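Visitor: Predicted model and sequence below, questions to follow.
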Amino acid sequence: IEGLKSEIAEMQVQLKRAGEDREKENKEFQMTVADQRETQKLLAAALQVLSEFYGKKSAAALAQQRQDPAGPPPPPGFESYKKNAASGGVMSLLQQIISDAKAMETETIRSEEDAQKAYEDFVKETNASIEAKSKEIVNKSELK
C-alpha cells in the first residue's frame, strides 16, 4: 500500500512538472509567433516602400531628365545617376524572408498543437493510472 501511495505521489509530481513545462513551452510559442508576425509586418512595409521607390516613374523624375544640367558639365569618366538595376535582388530577398517567417510561424503553430495534444494525452494517462492505483489501494485495504 505504501508503495502504491508513493507511486501516486510521484505521478502527481510528474503531472505538476509537465504542467509547468507546458506553460513555459506555450509562452515561448506565443513569443515566437508574435515575433514572426511582427517580422512579416515590418518586412512587408519595407517591401512596399522599396517597390514604390523602384517601381514608379514619377513626372518629377521625367522633368529632371529634360532639364539642362546646372553648372559646369561633369568631369569625364563619370556616368549619369540611375537607380540600381539590382534592386530586384533586394526586393526578392525581402520577399523570401517574409515567406520564411510565414513558414516558421506555420511550423511553430503545428508544433504547438502537437505538444498540447501530447500533454493532454499524458495527463489523461497519468490520471487514469492514479485512479487505478487508488482503487488498488482501496482493494488491498479491504482485504486486510
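Guide: Thanks, I have the structure now.
Visitor: what's next to stretch 19-38, contact-wise?
Guide: Around stretch 19-38, the neighbours that count as contacts under Cβ atoms under 8 Å, 6 or more residues apart in numbering are 101, 102, 104, 105, 108, 109, 111, 112, 115, 116, 119, 123. All C-beta spots, glycine's among them, are computed from the backbone N, C-alpha and C.
Visitor: buried ones in that stretch?
Guide: Across stretch 19-38, burial judged by 16 or more other Cβ atoms under 10 Å covers 22, 29, 32, 33, 36.
Visitor: Could you pull out the helices in the protein for me?
Guide: Secondary structure of the chain (DSSP state H): helices located at 2-55, 59-66, 87-143.
Visitor: Which of those helices comes out lowest on mean pLDDT?
Guide: When the helices of the chain are compared by mean pLDDT, helix 59-66 comes last with a mean of 49.
Visitor: okay, now residue 98: neighbour count?
Guide: Number of residues near residue 98 (other Cβ atoms under 10 Å) recorded here: 19.
Visitor: now residue 101
Guide: Applying other Cβ under 10 Å, we find 20 residues neighbouring residue 101.
Visitor: Hmm, it is touching residue 43, no?
Guide: Yes: under the criterion of Cβ atoms under 8 Å, residue 101 makes contact with residue 43 at 7.2 Å.
Visitor: and for these two, which residues touch both?
Guide: By Cβ under 8 Å, 6+ apart, no residue touches both residue 101 and residue 43.
Visitor: re the thing from before, distance to residue 134 for the contacts of stretch 19-38 - can I get that in a markdown table?
Guide: Below are the contacts of stretch 19-38 laid out as a markdown table (distance: Cβ to Cβ, whole Å):
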| residue | distance to residue 134 |
| --- | --- |
| 101 | 49 |
| 102 | 48 |
| 104 | 44 |
| 105 | 43 |
| 108 | 38 |
| 109 | 37 |
| 111 | 34 |
| 112 | 33 |
| 115 | 28 |
| 116 | 27 |
| 119 | 22 |
| 123 | 16 |
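Visitor: Considering these, which possesses the most neighbours?
Guide: Of the contacts of stretch 19-38, with other Cβ under 10 Å as the count, residue 101 tops at 20 neighbours.
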